[in-house]
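Asks: no sequence on this one, just coordinates:
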């Protein structure tokens, strides 16, 4: 341990989150995934609207929208096996080492969780920190991707206008 179990687990969670997001950036096309998600939201909205029509809904239209949703889902899931294998290769040894280091240690929780439980097992503390930090790191990666997209979009517009 470098500092205290709580601080060390936060650092480990942050490191794992950055590694996961980096692997995801390398192994998947985030832009394509985000576009697929937008298309799926639109199709799901369209499907819900058709379902609210009840008996008036066209069965062929419902079937077509369902088929499109399934195709988008399949496309989105294609990169999952690569991510799963890469994460297992990277994280199983690292997590085994972390587990051995923190085995049996109780970690004090931070506010507001401290109001409910004073301490928790290291694994639950890690899960909580990992969840919170991963959300933050994911937002940073998405912000960076959007920033790059706007730069390339602006550069493309400038090139076309000249």
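Replies: Received it, and whenever you're ready, just let me know what you need. Only a predicted model underlies this, so the values are computations on that prediction, with no experimental measurement involved.
Asks: How many neighbouring residues does residue 93 have?
Replies: Taking other C-beta atoms under 10 Å as the neighbour definition, residue 93 ends up with a count of 10. All C-beta atoms are positioned from the backbone trio N, CA, C, and that covers glycine.
Asks: what's the distance between it and residue 63?
Replies: The spacing between residue 93 and residue 63, counted by C-beta to C-beta, to the nearest Å, is 47 Å.
Asks: In the chain, spot the helix with the most residues.
Replies: If you go by DSSP state H, the chain has its longest helix at helix 122-161.
Asks: Same question for that one: list its buried residues.
Replies: Within helix 122-161, the residues that qualify as buried by neighbour count (16 or more other C-beta atoms under 10 Å) are 122, 123, 125, 126, 128, 129, 130, 133, 134, 137, 141.
Asks: quick one: the strands in the chain?
Replies: Secondary structure of the chain by DSSP state E: the strands cover 106-108, 119-121.
Asks: Could you pull up the residues touching the spatially most central residue of the chain?
Replies: Nearest to the centroid of the C-alpha atoms of the chain, with distances taken as C-alpha atoms, centre = their mean, sits residue 138, at 6.3 Å. Residue 138 makes contacts with 17, 21, as judged by C-beta atoms under 8 Å, 6 or more residues apart in numbering.
Asks: Show me the shaky parts of the chain.
Replies: For the chain, the stretches flagged by pLDDT under 70 are 1-2, 153-162.
Asks: domain assignment for it?
Replies: Following the assignment in automatic domain parsing, the chain carries domains at 1-27+80-153, 29-78.
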